[in-house]
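>>> how would this look folded up:
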Amino acid sequence: MQITTETFGNVMVVHTPDEMTEETAERFLSALEGAIGRGIVNIVAQMDRSDTYDSAGLTALLDAQDRLREKGGNLKICGLHDPGRKIFEITRLDQRFDIFESVIDAVASFQ
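Next up is the predicted model:
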């Protein structure tokens with residue numbers, strides 16, 4: 001499984017895998033580290049395909065956000081559907097991340 005990305009100006013959109021779990025979290029973080037290495041620190045995680053989460057996957061999102069903020073950027077979330085939205089509410093991650101319905105709104109929020 002490969003993490004796909006798109007770049008819109010100074011914002012990179014990362015399409016998260018079907019499962020945000022321990023098995024995929026490392027690949028997700030690696031894609032973000034590559035972007036940070038290229039100077040891209042404004043990132044949107046498009047999570048419309050993700051339907052399975054575990055603590056390692058959620059921790060990877062938090063770690064990525066912390067790393068991006070250290071570099072002056074941020075990680076924003078879009079496209080969350082149930083069960084992801086419920087998981088974000090229960091774990092209060094909906095208070096930690098800026099969450100948008102569409103990728104267009106999330107990318108535009110960086111401007």
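
>>> Please identify the buried residues of stretch 75-86?
Buried residues in stretch 75-86, defined by neighbour count with 16 or more other CB atoms under 10 Å: 75-80, 84. Placement of C-beta: from N, CA and C, glycine included.

>>> do stretch 24-36 as well
Buried positions in stretch 24-36, judged by neighbour count with 16+ other CB under 10 Å: 24-25, 28-29, 31-32, 35-36.

>>> How about residues contacting that stretch?
The contact list for stretch 24-36 (CB atoms under 8 Å, 6 or more residues apart in numbering) reads 1-3, 5, 12, 14, 16-17, 20, 41, 43, 56-57, 59-60, 63-64, 67-68, 71, 75.

>>> What of stretch 51-63?
18-22, 24-26, 28-29, 45, 75, 77, 81, 83-84, 87, 91, 93, 96-97.

>>> What strand or helix carries R27?
helix 22-37 (DSSP states H and E).

>>> One more: L62?
helix 55-70.

>>> circling back: could you point out which element follows the helix holding R27?
Per DSSP H and E, the first helix or strand lying C-terminal to helix 22-37 is strand 42-46.

>>> From the chain's centroid, how far away is that following strand?
Between the centre of strand 42-46 and the centre of its chain there are 5 Å (CA atoms, centre = their mean, to the nearest Å).

>>> quick one: buried residues of that strand?
So for strand 42-46, counting by 16+ other CB under 10 Å, buried means 42-46.
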